[in-house]
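Enquirer: I would like to see how this sequence folds:
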Amino acid sequence: GLVEGGAGAESVALVAGAESATKMAGVELRFSSGCDDAEPPARPVFIVGQLPNLQKLHWPEISGKLLPQVTEEVWKTALGNLNPNPTDSCPLFLTYATVAALPSRVSRHNSPSAAMFLTRLVRSCLPGGANRCIVMVCEYSDVFASGCAIARAFPLFSRRSGASRRTDKRVVTVEFLLVGQNNGPIDATALECLESAADGIRLSARIVDTPCNEMNTDIFLEEIKLVGNALGIVPTVIRGEELKEKGFGGIYGVGKAAINPPALAVLSYLPDGATQTIAWVGKGIVYDTGGLSIKGKTTMPGMKRDCGGAAAILGAFKAAVKQGFKDNLHAVFCLAENAVGPLATRPDDIHRMYSGKTVEINNTDAEGRLVLADGVAYASKDLGADIILDMATLTGAQGICTGKFHAAVLCNTEEWEMACVKAGRSSGDLAHPLVYCPELHFSEFTSAVADMKNSVADRDNAQSSCAGLFIGAHIGFDWPGVWVHVDIASPVHTGERATGFGVAFLLALFGRASKDAMLNLVSPLGASTDAHLVPNDGDGNLSKRRRLV
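Expert: Okay, here's the model as predicted:
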């Protein structure tokens with residue numbers, strides 16, 4: 001189960017969030033190759049980019065959005081006054097026009113797009129109004145990450161009474177002005193890719209922001225069906241007692257105490273000409289009380305976000321299929337509410353998992369790994385996946401390992417480990433590797449009466465790595481395919497708001513399997529990695545990386 005620290009550290013973010021919530025929530029976001037010219041009071045404008053890029057702009061490129069209120073002299077003065085450390089902003093005309101500078105340089109573990117800072121600047125500096133324009137000044141290589149970063153600033157979920165009374169339609173149009181190479185206007189296909197990615201990010205964030213009294217397992221299944229309907233796919237659903245009958249002891253054991261039954265749901269896209277099978281497996285714990293190993297009053301609030309992995313996979317699947325995916329792609333959702341009740345799993349109970357392995361429960365708050373273990377075993381045994389990626393808000397220790405902004409990645413191949421880091425930098429959803437060493441760490445789960453326990457003996461020993469290894473154990477450490485585990489516990493939210501983290505990451509990481517040019521551009525997987533994925537069978541034919549049963 002996900003464990004988080006106290007709320008005090010987030011107080012600054014909460015104040016900023018409360019102030020900006022009314023102008024950011026429920027906005028229609030559009031991507032355009034160019035906004036129509038309009039003076040600032042008619043359409044407030046926010047111009048943002050790294051300072052060297054802003055300085056490369058020619059006045060005629062932006063004058064139509066600023067004149068007559070903002071003259072060329074005022075524009076140049078504003079640029080001269082910007083001193084980003086790490087960011088800076090300057091009003092150009094009252095509250096109707098603002099220019100802001102991103103960091104000019106970032107470290108090697110950050111995204112060159114400075115995506116995290118871009119989201120913050122949009123939240124804090126975008127003027128109010130019903131029809132606003134963001135002008136993003138960047139190089140073409142940063143367009144995808146920048147578009148996704150802007151989308152994160154516009155959450156959809158709100159239950160403020162004022163929000164429900166609003167009838168005016170509020171639109172934010174995002175226009176890119178490109179500098180450096182490839183600096184012409186953005187074509188329609190790239191804009192469509194940005195729209196799909198933004199839609200996926202905002203869908204994911206909306207699900208994560210929605211509390212469990214509205215987003216239980218039944219409603220999450222409806223969300224999956226809606227995405228399926230939009231793509232012409234009927235989901236496979238196994239739920240309730242059927243899970244028990246079919247041997248899904250992990251998902252069933254975690255969710256059986258809740259009023260809304262647990263479920264395994266699968267969306268499958270099987271295009272002609274596919275050469276390999278990819279499975280994304282998401283942890284969908286719609287609420288995590290911790291079960292009988294119950295959380296405290298300070299760590300339980302926020303546990304509506306424990307479905308962040310499944311939400312990200314839903315948003316990414318929708319966008320990936322919409323943009324054209326060349327390989328078999330399965331999205332596997334492991335849905336349960338970890339509730340307290342007479343039917344709840346007890347510490348000391350032993351579950352038989354879908355993998356066939358038995359697990360002695362020593363901590364009911366280590367439940368995410370139980371549902372994912374069934375999910376990855378299903379992906380291997382039933383779906384015949386060559387590549388399995390699981391994504392989860394798995395451990396509070398993730399935030400200690402890799403911080404609030406970088407997901408933690410555990411991987412059985414070095415190529416994919418490095419690919420995840422590169423995908424993080426090119427998408428803005430940052431990632432950093434965990435230690436992968438099952439022969440040293442898996443003994444933490446030793447049980448005298450079952451194949452393993454579900455929680456470590458020593459919480460000071462690579463806790464996030466161990467939690468991931470528990471999942472990997474159910475496909476086997478000798479499995480010949482590619483397995484990637486992504487722990488997004490901290491970056492799934494910032495302050496009180498979900499970020500939609502994981503959508504852009506998945507689209508970039510698997511960009512080479514997309515027909516979309518922009519996703520191919522941001523993908524880290526080159527020809528050499530592809531050769532590793534689909535090895536030669538000795539007869540000159542490409543063979544799948546089959547599982548070792």
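Enquirer: run through the stretch 151-300 of the chain and note the low-pLDDT ranges.
Expert: Within the stretch 151-300 of the chain, the set of residues satisfying pLDDT under 70 is empty.
Enquirer: which residues in it form helices?
Expert: Assigned by DSSP state H, counting those that start in this stretch, the stretch 151-300 of the chain shows helices spanning 161-165, 188-209, 217-231, 241-245, 249-255.
Enquirer: again with the stretch 401-549 of the chain
Expert: Across the stretch 401-549 of the chain, reading from the start of the chain, the helices by DSSP H, counting those that start in this stretch fall at 414-427, 438-441, 463-472, 503-509, 517-522, 527-533.
Enquirer: columns mean pLDDT, mean neighbour count and distance to Gly64 on top of those, output as JSON lines?
Expert: Where you see a C-beta, it was placed from the backbone N, CA and C, and this is true even at glycine. JSON lines is the format used below for the helices of the stretch 401-549 of the chain (pLDDT from 0 to 100; neighbours: other CB atoms under 10 Å; distance: least, CB to CB, whole Å):
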{"stretch": "helix 414-427", "mean pLDDT": "97", "mean neighbour count": "22", "distance to Gly64": "32"}
{"stretch": "helix 438-441", "mean pLDDT": "98", "mean neighbour count": "14", "distance to Gly64": "60"}
{"stretch": "helix 463-472", "mean pLDDT": "98", "mean neighbour count": "26", "distance to Gly64": "50"}
{"stretch": "helix 503-509", "mean pLDDT": "98", "mean neighbour count": "31", "distance to Gly64": "31"}
{"stretch": "helix 517-522", "mean pLDDT": "96", "mean neighbour count": "20", "distance to Gly64": "27"}
{"stretch": "helix 527-533", "mean pLDDT": "42", "mean neighbour count": "14", "distance to Gly64": "44"}
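Enquirer: just the helices of the stretch 151-300 of the chain: most buried one?
Expert: Compared across the helices of the stretch 151-300 of the chain, helix 249-255 shows the largest average neighbour count, a mean of 30 (mean count of other CB atoms under 10 Å).
Enquirer: that one - contacts with which helices or strands?
Expert: Using 3 or more CB pairs under 8 Å, 6 or more residues apart in numbering; DSSP states H and E as the contact criterion, the elements in contact with helix 249-255 are helix 241-245, strand 263-269, strand 328-338, strand 350-352, helix 368-381.
Enquirer: which residues does the shortest one contact?
Expert: Spelled out, it's strand 350-352. 247, 249-250, 253, 345, 358-361, 370, 449-450 (CB atoms under 8 Å, 6 or more residues apart in numbering).
Enquirer: rerun at 10 Å
Expert: Here strand 350-352 makes contact (CB atoms under 10 Å, 6 or more residues apart in numbering) with 247-254, 345, 357-361, 370, 373-374, 447, 449-451, 453-454.
Enquirer: averaged pLDDT, it. What do you get?
Expert: Confidence over strand 350-352, taken as the mean pLDDT, stands at 98.
Enquirer: now do the third one
Expert: Strand 328-338 shows an average pLDDT of 99 in the prediction.
Enquirer: show me what contacts the closest residue in space to Ser426 that isn't next to it in sequence?
Expert: Once its chain neighbours are removed from consideration, Ser426 has its nearest residue in Val522; the separation is 4.1 Å (CB to CB, 6 or more residues apart in numbering). Residues touching Val522, when contacts are defined by CB under 10 Å, 6+ apart, comprise 141-145, 148, 193, 422-423, 425-428, 504, 507-509, 511, 514, 516.
Enquirer: then Ala25?
Expert: Ala25 is in contact with 154-160, 163, 166, 170, 209, 497, counting by CB under 10 Å, 6+ apart.
Enquirer: just give the closest residue to Met215, not the sequence neighbours.
Expert: Taking CB to CB, 6+ apart, and ignoring the residues beside it in sequence, Met215 has Val286 as its nearest neighbour in space, at 5.7 Å.
Enquirer: pretty sure that neighbour is touching Ala258, no?
Expert: Yes: with contacts defined as CB atoms under 10 Å, Val286 counts as touching Ala258 at a distance of 8.5 Å.
Enquirer: looking at those two, which has the bigger crowd around it?
Expert: Neighbours were counted for Val286 and for Ala258 using other CB atoms under 10 Å; Val286 has more, 31 against 22.
Enquirer: related to what we said a few turns ago, out of the helices of the stretch 151-300 of the chain, which is closest to Ile488?
Expert: helix 188-209 (10.2 Å; CB to CB).
Enquirer: residue ranges with poor pLDDT in the stretch 1-150 of the chain?
Expert: Within the stretch 1-150 of the chain, the stretches with pLDDT under 70 are 1-23.
Enquirer: could you pull out the helices for it?
Expert: Secondary structure of the stretch 1-150 of the chain by DSSP H, counting those that start in this stretch: the helices cover 11-24, 51-55, 59-66, 72-81, 115-125, 143-152.
Enquirer: quick check on the closest residue to Tyr96 other than its chain neighbours: phi, psi?
Expert: Across the structure, with CB to CB, 6+ apart as the measure, the residue nearest Tyr96 apart from its sequence neighbours is Pro40 (3.7 Å). The phi and psi torsions at Pro40 (degrees, to the nearest 10) take the values phi -50, psi -40.
Enquirer: which residues sit in contact with Pro40?
Expert: Under the contact definition (CB under 10 Å, 6+ apart), the residues listed for Pro40 are 65-70, 92-98, 127, 129, 133.
Enquirer: Phe470 is in contact with Val359, correct?
Expert: Yes: applying CB under 10 Å as the test, Val359 and Phe470 come out as touching, 8.5 Å apart.
Enquirer: can you add distance to Ile387 and mean neighbour count and give the helices of the stretch 1-150 of the chain back as a markdown table?
Expert: What follows is these, written out as a markdown table (distance: least, CB to CB, whole Å; neighbours: other CB atoms under 10 Å):
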| stretch | distance to Ile387 | mean neighbour count |
| --- | --- | --- |
| helix 11-24 | 36 | 15 |
| helix 51-55 | 36 | 19 |
| helix 59-66 | 43 | 16 |
| helix 72-81 | 46 | 14 |
| helix 115-125 | 25 | 23 |
| helix 143-152 | 22 | 27 |
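Enquirer: out of these, flag the one nearest Val137.
Expert: It's helix 51-55; of the helices of the stretch 1-150 of the chain, that one is closest to Val137 (CB to CB) at 4.8 Å.
Enquirer: elements contacting that closest one?
Expert: Helix 51-55 makes packing contacts with strand 45-50, helix 72-81, strand 97-102, strand 131-138, strand 171-178 when contacts are defined by 3 or more CB pairs under 10 Å, 6 or more residues apart in numbering; DSSP states H and E.
Enquirer: among these, which is nearest Ala279?
Expert: Comparing those by their distance to Ala279 (CB to CB), the top pick is strand 171-178, with 32.8 Å.
Enquirer: quick one: work out the angle between that closest one and helix 188-209.
Expert: Orientation check (axes from the mean of the first three to the mean of the last three CA atoms, to 10 degrees): strand 171-178 against helix 188-209 gives 130 degrees.
Enquirer: could you dump strand 171-178 to CSV, C-alpha only?
Expert: Coordinates of each C-alpha in strand 171-178 appear next as CSV, following Å, rounded to 0.1, in the frame of the first residue of the first chain:
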residue,chain,number,x,y,z
VAL,A,171,-11.3,27.9,-24.0
VAL,A,172,-7.5,28.0,-23.8
THR,A,173,-5.7,27.8,-27.2
VAL,A,174,-2.1,26.7,-27.2
GLU,A,175,0.0,27.9,-30.1
PHE,A,176,3.6,26.9,-30.7
LEU,A,177,6.2,29.3,-32.2
LEU,A,178,9.2,27.2,-33.1
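Enquirer: chain center to it: distance?
Expert: Centroid displacement of strand 171-178 relative to its chain, using CA atoms, centre = their mean, to the nearest Å, is 23 Å.
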